[in-house]
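Student: Sequence and predicted structure below; questions after.
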Amino acid sequence: MRLRHAILGVAAITALGACVPASGETKPPVAVAAPAAAPAAAVTGIEAFRGSWVGASQGESDTRRAAALVIDASADGGLFLRWRSAEGPRDGADNDDQLKMRENTAIFAPGKSPNVWSAKLDSGAQAKARLEGSVLTTELTAKSGGQTEVQAYRRTLTAPGKLSLHYTRTVSGKVETTIDADFVKLP
């Protein structure tokens, strides 16, 4: 039951945060007729990723996750990412873990090369992003207690309006967590 509430919560969060430009300024949703979808070949580069995405997954554990993602590009060539997630036990699981909500925002400055960006998050983690064809990869790197943690998000456009995510978390070179999820683009 809690997962259903999480999915509804993420959907509400997404609807409220769907109109977030690269400046980070929040605007209320506006009811506008969606333009006709462009053919996949017509939209390339970061433009193909721009917009609001929602998805859900099950990782390696007994945890279910729902997530929302906003991707935007700024006029100066920067990149804006905001991701929100909710996770909790599978339906029927025998535990009373509370629903966990997370949110992160990264505003990436343009790099020296096209389709490469970098940022430093409020947490102190270094972040870099790169676009290669239909794959947008984001890596967050942080050092703590003599160990290096790397979180890699590989987002691949699989069809118009569809995106797959492969997430890997490594600590000192050892894979700790992997998650695969499918996302759909909101109109």
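Tutor: Right, received. Where do you want to start? Numbers count the residues shown, from 1 in each chain.
Student: From residue 77, how far off is residue 123?
Tutor: Per Cβ to Cβ, to the nearest Å, residue 123 is found 24 Å from residue 77. All C-beta spots, glycine's among them, are computed from the backbone N, C-alpha and C.
Student: So between those two, which is more surrounded?
Tutor: Using other Cβ atoms under 10 Å, the more surrounded residue of residue 123 and residue 77 is residue 77, with 14 against 9.
Student: Using the three-state scheme, assign that one.
Tutor: coil (DSSP: H, G, I helix; E, B strand; the rest coil).
Student: For the closest residue to it other than its chain neighbours, give me the pLDDT.
Tutor: Spatially, and ignoring its direct neighbours in sequence, residue 77 is nearest to residue 110 (3.6 Å; Cβ to Cβ, 6 or more residues apart in numbering). Residue 110 carries a pLDDT value of 94.
Student: what do you get for the one 5 residues further on?
Tutor: In this prediction, residue 115 carries a pLDDT score of 94.
Student: Contacts only, for it.
Tutor: Going by Cβ atoms under 8 Å, 6 or more residues apart in numbering, residue 115 touches 45, 46, 130, 131, 132.
Student: So it versus residue 44, what's the distance?
Tutor: Distance from residue 115 to residue 44, by Cβ to Cβ: 11 Å.
Student: Also residue 140?
Tutor: 26 Å.
Student: With neighbour numbers in mind, choose between those two.
Tutor: residue 140 (20 against 12).
Student: tell me the contacts of that one?
Tutor: 121, 125, 126, 127, 150, 151.
Student: Please identify which two of the residues you listed are farthest apart in space.
Tutor: 121 and 150 (13.4 Å; Cβ to Cβ).
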